[in-house]
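sequence-free structure coming up:
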């Protein structure tokens, strides 16, 4: 869900037709965490933004285009999560500033 100020927060009960790509990416991250028995330390919103910032660079764009024939963006969240999982996984993007 995006508020009036453009801030996105994950709402798990959002109807499918109203989900944005951030919601879909969040669900894929949560699914990955569930399958790997990983407990999130920060927020799902933080992880989604950290992943987006990670893939929004020329090296990652070239790799995804070369390996999957797609250019990253909010249109290919399954490929983004797969690429992240192939690296150090979701924990790489899940940290708390103490």
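Right, received. Where do you want to start? In this text the structure is predicted, and so the values were computed from the model without any measurement. Numbers count the residues shown, from 1 in each chain.

which one is residue 39 nearest to, not counting chain neighbours?
Computed as CB to CB, 6 or more residues apart in numbering, the closest residue to residue 39 that is not its neighbour in sequence is residue 33, at 7.3 Å. (Glycine included, C-beta is placed from N, CA and C.)

State the pLDDT value of the one you found.
pLDDT for residue 33: 87.

What residues sit buried inside the longest helix anywhere in the chain?
For the chain, the longest helix by residue count, based on DSSP state H, is helix 21-35. Within helix 21-35, the residues scored as buried using 16 or more other CB atoms under 10 Å are 21, 22, 23, 24, 25, 26, 27, 28, 29, 30, 32, 33.

Among those, which pair sits farthest apart?
21 and 33 (18.6 Å; CB to CB).

What about residue 8? Give its phi and psi, please.
The phi/psi pair for residue 8 (degrees, to the nearest 10) reads phi -100, psi 140.
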